[in-house]
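*Asks:* Task: produce atomic coordinates for the following.
(chains A, B, C and D)
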There are 2 protein chains.
Amino acid sequence: MDEAPQNERISEAEQAVMEALWTRSPLTANEVADAVAPARGWTLATVKTLLSRLVTKQAVETAPDGKRFLYSPRVARVDFAAGESKRLVDRLFGGSAAGLFAHLAEAEALTDKDLNQIEALLKELRK
Amino acid sequence: MDEAPQNERISEAEQAVMEALWTRSPLTANEVADAVAPARGWTLATVKTLLSRLVTKQAVETAPDGKRFLYSPRVARVDFAAGESKRLVDRLFGGSAAGLFAHLAEAEALTDKDLNQIEALLKELRK
DNA sequence: CGTAATCGACTACGAATGTAAACATGAAGC
DNA sequence: GCTTCATGTTTACATTCGTAGTCGATTACG
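*Replies:* Numbers count the residues shown, from 1 in each chain, chains lettered A, B, ... in the order given. Presented below is the predicted three-dimensional model:
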């Protein structure tokens, strides 16, 4: 099999495009632009460039639809998030998720709401 | 006051240099190179470049020591980690740390050890 | 049919990054 | 004192990223 998973990094600008496709897909280039260009102050040209780079990186796939293309994500958002999270945990906390958590706690980056949710999740996991 | 905190991003290669300085400082350029160059396959020249970029970015400061410089970090590792973590949480989980935690849980990226430590931390925080 | 609108492909270009060599200058040894 | 070594500064160059314009083909409208 040649299920080439995306080795290529997705940049920040590219992620904005992915978000649009993760929200709804397939989309035409124009629809993607409508979704992301205003917020970022991009022109259609910029979105088109990002889309082709994502296709090259195999993060997005295209399906011909008459004259144009329909774009869909090839990598799931969850997988992307997993990769980025792992990357951070490895890079900063020696691979220990608890290290990250401890850090967030110490930096008081955790709201009460966060704590409650985490507590609930923990209980859930312990079942 | 003009405690210019580093606005500039620290790149991945640069972080390797920072790690050396966070471990021990001040260090000479050579000592930094001894600490990081072998693992990354870098030459002394590369380390020197990274050091000066870090000085420009105000992430590292120098103190003259005779003919040469002694380098020390200007940003604490904790602050760097905080920035990067927040960045990730914002970018991927809409600013919710619990979202990150839930994600790690779901991806089974949490070991039992992680869970125990987190539980202990939670208890601590709840005191 | 011919002209205009559309759309992907190609090209552009400056800033940041990774990696490093060349250079200048001062110190240290012979 | 002159040569050599050490060390910071300057310059270099390929790649990626952010941002966008232009071109060529195809479709749609009049």
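
*Asks:* in chain A, which spans are strands?
*Replies:* With strands called from DSSP state E, chain A shows them at A:60-65, A:68-73.

*Asks:* Any chance of CSV for those strands, columns mean pLDDT?
*Replies:* What follows is the strands of chain A, written out as CSV (pLDDT from 0 to 100):
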stretch, mean pLDDT
strand A:60-65, 96
strand A:68-73, 97
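
*Asks:* Can you tell me which of those strands is packed in deepest?
*Replies:* Neighbour counts (mean count of other CB atoms under 10 Å in any protein chain shown) averaged over each of these peak at strand A:68-73, with a mean of 18. All C-beta atoms are positioned from the backbone trio N, CA, C, and that covers glycine.

*Asks:* Quick one: residues contacting A:Phe69.
*Replies:* Counting by CB atoms under 8 Å, 6 or more residues apart in numbering or on different chains, A:Phe69 touches A:Thr28, A:Ala29, A:Thr62, A:Ala63.

*Asks:* a markdown table for those residues, including distance to B:Val17?
*Replies:* Below are those laid out as a markdown table (distance: CB to CB, whole Å):
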| residue | distance to B:Val17 |
| --- | --- |
| A:Thr28 | 45 |
| A:Ala29 | 41 |
| A:Thr62 | 41 |
| A:Ala63 | 46 |
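
*Asks:* quick revisit: can I get the strands of chain A in JSON lines including distance to A:Glu119?
*Replies:* Below are the strands of chain A laid out as JSON lines (distance: least, CB to CB, whole Å):
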{"stretch": "strand A:60-65", "distance to A:Glu119": "38"}
{"stretch": "strand A:68-73", "distance to A:Glu119": "33"}
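
*Asks:* Widest-spaced pair of the contacts of A:Phe69?
*Replies:* Maximum pairwise distance in the contacts of A:Phe69, criterion CB to CB, is 12.7 Å, between A:Ala29 and A:Ala63.

*Asks:* Give me the longest helix you can find in chain A.
*Replies:* Identified as the longest helix of chain A according to DSSP state H is helix A:77-93.

*Asks:* Need the mean per-residue confidence for it.
*Replies:* For helix A:77-93, mean pLDDT is 95.

*Asks:* in that helix, what's buried?
*Replies:* For helix A:77-93, burial by neighbour count (16 or more other CB atoms under 10 Å in any protein chain shown) applies to A:Phe80, A:Ala81, A:Ala82, A:Gly83, A:Glu84, A:Ser85, A:Leu88, A:Val89, A:Leu92, A:Phe93.

*Asks:* how about those residues in CSV, adding distance to A:Asp112?
*Replies:* CSV is the format used below for the buried residues of helix A:77-93 (distance: CB to CB, whole Å):
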residue, distance to A:Asp112
A:Phe80, 29
A:Ala81, 24
A:Ala82, 27
A:Gly83, 30
A:Glu84, 26
A:Ser85, 23
A:Leu88, 24
A:Val89, 24
A:Leu92, 25
A:Phe93, 23
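
*Asks:* Let me see the domain layout of chain A.
*Replies:* Split into domains by automatic domain parsing, chain A comes to A:12-73, A:77-126.

*Asks:* Report whether the last one contacts chain B.
*Replies:* Yes: Domain A:77-126 lies in contact with chain B when judged by CB under 8 Å from any CB of the partner chain; the contacting residues are A:78, A:80-82, A:84-86, A:88-89, A:91-93, A:96-98, A:100-107, A:109-111, A:113-115, A:117-119, A:121-122, A:125-126.

*Asks:* how far does that domain stretch from start to finish?
*Replies:* Domain A:77-126 stretches 26 Å from its first residue to its last (CA to CA, to the nearest Å).
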